[in-house]
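1. Here is a sequence together with a model predicted from it:
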Amino acid sequence: MGAVLGDVLGFAAGVAISPLPIIAIILILATPRGRLNGPLFTVGWILGLSALGAVMLAIASPANASAHNHPATWMGALKLALGVLLVLFGARQWHGRPKDPSQAQLPKWMGAIDRLTPVKVFGLGLALAALNAKNAPLTIAAAASIGSAGLSVGQQIASLAIFVLIATLGLLAPLGVFLLGGERAKATLSNWKDWAAQHNVAVMAVLFFVLGLKLLGDGISILTS
């Protein structure tokens, strides 16, 4: 199980430092319903990651993702495909990055965050975790690694839970600052939001390249061994 955790921690960190969800929760916390909507957004995020990971594990276990403690061939092909996808995402992000970081623009839907109901905020957290084209491949890759390691059901659940916890740290940090930081919290979170907004594209591009190349290596190793 320790080897599996070492394998998935990189994917968890990649999800955790995704700038857009961090910006989203900071904007949510700045609304009048921040104390309610912030935790709701985080719960939605946790459930989204957990559901996507659980679906992947449910597919992997009966599909013989591991044969004699070695990942099955189809698992290697999946990792290879995810690696190619992430590298392409990284290239697209890097090519489209603004030359002047101060000119970076946030997605238009973020302008409506202050008008979202608690139910919609919960749904936003769920969607950004499970349906986001950037985070979903990382979660699928992590669950695939867990499912191909020949672990017991209990160990798989524990490994997925640890992945989700690490992947949620990016949201728990601003939430903790907001709830415990007092008057200084607003200024701190504003600085974090500005930095994340300016460097969102570059951070994600580098992240996709690094993790995509890792997945390519893993996939090739499985397919050629």
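-> Ah, there it is. Numbering: from 1, shown residues only.

2. Confirm Gly150 sits in a helix?
-> No. Going by DSSP: H, G, I helix; E, B strand; the rest coil, the assignment for Gly150 is coil, not a helix.

3. Return the per-residue confidence for it.
-> pLDDT for Gly150: 77.

4. Equivalent analysis for Leu40, please.
-> 97.

5. That one: helix or strand, and which one exactly?
-> Element membership of Leu40 [criterion: DSSP states H and E] is helix 34-60.

6. Show me what the mean pLDDT comes to for stretch 193-213.
-> 84.

7. Contacts only, for the residue nearest to Leu36 when sequence neighbours are not counted.
-> Residue nearest to Leu36 in three dimensions, not counting chain neighbours: Pro118, with 5.9 Å by CB to CB, 6 or more residues apart in numbering. For every residue, glycine as well, the C-beta is placed using N, CA and C. Pro118 sits next to 33, 36-37, 40 when contact means CB atoms under 8 Å, 6 or more residues apart in numbering.

8. could you measure Pro118 against Lys134, distance?
-> According to CB to CB, to the nearest Å, Pro118 and Lys134 sit 25 Å apart.

9. Find the nearest non-adjacent residue to Thr188, please.
-> Val177 (5.6 Å).

10. what's the answer for Pro137, then?
-> Leu82 is the one closest to Pro137 (CB to CB, 6+ apart), at 5.1 Å.

11. still on that earlier bit, which ones are touching the residue nearest to Thr188?
-> Counted by CB under 8 Å, 6+ apart, Val177 has contacts 185, 188-189.

12. Let's see that with 10 Å instead.
-> Neighbouring residues of Val177 by CB atoms under 10 Å, 6 or more residues apart in numbering: 26, 29, 184-186, 188-189, 192.

13. again with Phe163
-> 4-5, 8-9, 11-12, 15, 49-50, 53, 138-139, 142-143, 145-146.

14. Tell me the buried residues within those.
-> Among the contacts of Phe163, the ones that count as buried by 16 or more other CB atoms under 10 Å are 4-5, 8, 11-12, 15, 49-50, 53, 138-139, 142-143, 145-146.

15. which parts of stretch 162-172 are buried?
-> Buried, per 16+ other CB under 10 Å, within stretch 162-172: 162-164, 166-168, 170-171.

16. likewise stretch 152-161?
-> Applying 16+ other CB under 10 Å to stretch 152-161 flags 156-160 as buried.

17. quick revisit: from Leu106, how far off is the residue nearest to Leu36?
-> 22 Å.
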